[in-house]
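**Student:** Please find the sequence and the predicted model below.
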Amino acid sequence: MAIRVLFPSSSSSSFSTAHATPTPRTRARARWTSRQRLLCCFSSSTSSSDEVSSSMTVSITGATGFVGRRLVHKLLSEDHKVCVLTRSTSKNKAASLFPASRYPGVTIAEQEEEWERCIKGSTGVVNLAGMPISTRWSPQIKKEIMQSRINVTSKVVDHINSSTSTSSPQPEHEASSNANGNGPSVFVSATAVGYYGTSETDSFDESSPSGNDYLAQVCREWEGRARQVKQEHVRLVLLRIGVVLGKDGGALAKMIPLFMMFAGGPLGTGTQWFSWIHLDDLVDLIYESLRNPAYTGVINGTAPNPVRLSELCDRLGQVVGRPSWLPVPGLAIKALLGEGATVVLDGQKVLPARATQLGFSYRYPYVRDALKAIAKQL
Ligand SMILES: NC(=O)c1ccc[n+]([C@@H]2O[C@H](COP(=O)([O-])OP(=O)(O)OC[C@H]3O[C@@H](n4cnc5c(N)ncnc54)[C@H](OP(=O)(O)O)[C@@H]3O)[C@@H](O)[C@H]2O)c1
């Protein structure tokens, strides 16, 4: 039940094209955007991402996880190719999730040199790896939560940078296939809304400053590593993800069984904010980030209508036909999770200002509809 979520830093502005000195990349984007506008005048049915119609090869860390699995399926369904960058300990898991016989479009990379080769041959990279945070935190676990993100992100950034070191800054059509082996042109890296810290009263968007707790620090450092990618060659998108709602993982996979046993209810006071996003919308947002040059810098991966946890629980009770009547006291959660209790007891109201500005179209802007759709799959 991760209510509090990890995610990026201060410097959303450092990604923002608005304040930047024009670089070959920003000039190219400006040219692309003007041409796109022109084309749109003639063809109202052509979306921005339709125009970049070439096939992609995408390397993904964390592809065996809750979000990654769905992203792999989406990419394959659109005829793209995928490299699953996994740890050696997860090789069997990756092979059973994506058996070669049924997934000819998937390459599984486990060794360092396989990661390097895959990244070099990819048009884009998505970084989703990280140790789960909704657990009891000990000093050792906190270190691993941080290190798992920093280490994987550093490794990926190093490979991207070395694969682009010989290429000139990417001009137009950045999303076109990487036929020359010049390395990826886009890097989409996960972070979390935990970046903003917690509050029951404030709202946060991409321009808000970072919080001062442990998860905010994790997100800042995670984002900091991702920012080390050579942005004159590679478009960087940092997705500050909210609580992802889907049947097969994340918070709901833990909450639904409790509700089905008539043991569901809010955790703590229930007044904490719950900034959520439906899994399908998050995967669409990642996909759009890969395809559309206008997507750049920090983008909050949350739905436009966050709710308080008590509302989430009431709605969940309604859609699964069970009451939300058994509140779990904060003290019990603290006894169970220690400092990690903050993940479920504290929240933040995070609004997706950038996605809205970019015209991203949510399938599930309201939590009631998101939960209804998920309950139908149970
Ligand atoms: N789900 C949410 O509600 C949510 C909210 C905000 C942010 N996020 C962030 O979004 C990303 C994807 O979320 P998710 O729910 O799909 O995560 P997930 O299901 O927990 O999967 C993450 C993947 O990370 C890799 N991983 C796990 N432990 C690791 C470790 N100790 N060191 C290195 N890699 C490790 C694993 O891939 P391999 O075993 O194949 O290497 C795993 O499949 C995560 O970074 C998460 O922090 C998620």
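**Tutor:** Looks like it came in fine. In this text, all values refer to a predicted model and were calculated from it rather than measured experimentally. Numbers count the residues shown, from 1 in each chain.
**Student:** buried ones in stretch 243-253?
**Tutor:** Across stretch 243-253, burial judged by 16 or more other Cβ atoms under 10 Å covers Val243, Val244, Leu245, Gly246, Lys247, Gly249, Gly250, Ala251, Leu252. Bear in mind the C-beta positions are built from the backbone N, C-alpha and C, glycine included.
**Student:** Please export the C-alpha coordinates of it as PDB.
**Tutor:** Below are the C-alpha coordinates for stretch 243-253, written out as PDB (Å, rounded to 0.1, in the frame of the first residue of the first chain):
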ATOM      1  CA  VAL A 243       0.600   5.600  -6.600                       C
ATOM      2  CA  VAL A 244       0.000   3.400  -9.600                       C
ATOM      3  CA  LEU A 245      -3.400   1.600  -9.600                       C
ATOM      4  CA  GLY A 246      -3.700  -1.700 -11.300                       C
ATOM      5  CA  LYS A 247      -4.900  -5.200 -10.500                       C
ATOM      6  CA  ASP A 248      -1.600  -7.000 -10.600                       C
ATOM      7  CA  GLY A 249       0.700  -5.000  -8.400                       C
ATOM      8  CA  GLY A 250       1.400  -1.900  -6.400                       C
ATOM      9  CA  ALA A 251      -1.000  -0.600  -3.700                       C
ATOM     10  CA  LEU A 252      -4.200  -2.200  -4.900                       C
ATOM     11  CA  ALA A 253      -2.800  -5.700  -5.100                       C
END
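**Student:** do that stretch and the ligand meet at all?
**Tutor:** Yes: for stretch 243-253, a contact with the ligand is found by Cβ under 6 Å from any ligand atom, at Val243, Val244, Gly249, Gly250.
**Student:** helices or strands up against the helix or strand that contains the second one?
**Tutor:** What that stands for is Val244. Using DSSP states H and E, Val244 sits in strand 243-246. Applying 3 or more Cβ pairs under 8 Å, 6 or more residues apart in numbering; DSSP states H and E, one finds that strand 243-246 contacts helix 66-77, helix 250-260, strand 276-278, helix 279-291, helix 367-376.
**Student:** Pick out the residue in this structure sitting closest to the ligand.
**Tutor:** Gly65 (2.1 Å; Cβ to the nearest ligand atom).
**Student:** Roughly how far does that residue sit from Ser148?
**Tutor:** According to Cβ to Cβ, to the nearest Å, Gly65 and Ser148 sit 12 Å apart.
**Student:** JSON lines please, covering the buried residues of stretch 243-253 and showing pLDDT.
**Tutor:** Putting those into JSON lines (pLDDT from 0 to 100) gives the following:
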{"residue": "Val243", "pLDDT": "95"}
{"residue": "Val244", "pLDDT": "96"}
{"residue": "Leu245", "pLDDT": "97"}
{"residue": "Gly246", "pLDDT": "97"}
{"residue": "Lys247", "pLDDT": "94"}
{"residue": "Gly249", "pLDDT": "92"}
{"residue": "Gly250", "pLDDT": "91"}
{"residue": "Ala251", "pLDDT": "91"}
{"residue": "Leu252", "pLDDT": "92"}
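**Student:** Which two among those are spaced furthest apart?
**Tutor:** Val243 and Lys247 (14.2 Å; Cβ to Cβ).
**Student:** Between Gly65 and Ser148, which contacts overlap?
**Tutor:** Ala129 (Cβ atoms under 8 Å, 6 or more residues apart in numbering).
**Student:** For the stretch 101-250 of the chain, just list every one of the strands.
**Tutor:** Under the criterion DSSP state E, counting those that start in this stretch, the stretch 101-250 of the chain contains strands at 106-109, 124-127, 186-192, 203-204, 235-241, 243-246, 249.
**Student:** These into JSON lines, with extra columns for distance to Ser138?
**Tutor:** Listed next are those as JSON lines, based on distance: least, Cβ to Cβ, whole Å:
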{"stretch": "strand 106-109", "distance to Ser138": "32"}
{"stretch": "strand 124-127", "distance to Ser138": "26"}
{"stretch": "strand 186-192", "distance to Ser138": "21"}
{"stretch": "strand 203-204", "distance to Ser138": "29"}
{"stretch": "strand 235-241", "distance to Ser138": "25"}
{"stretch": "strand 243-246", "distance to Ser138": "23"}
{"stretch": "strand 249", "distance to Ser138": "24"}
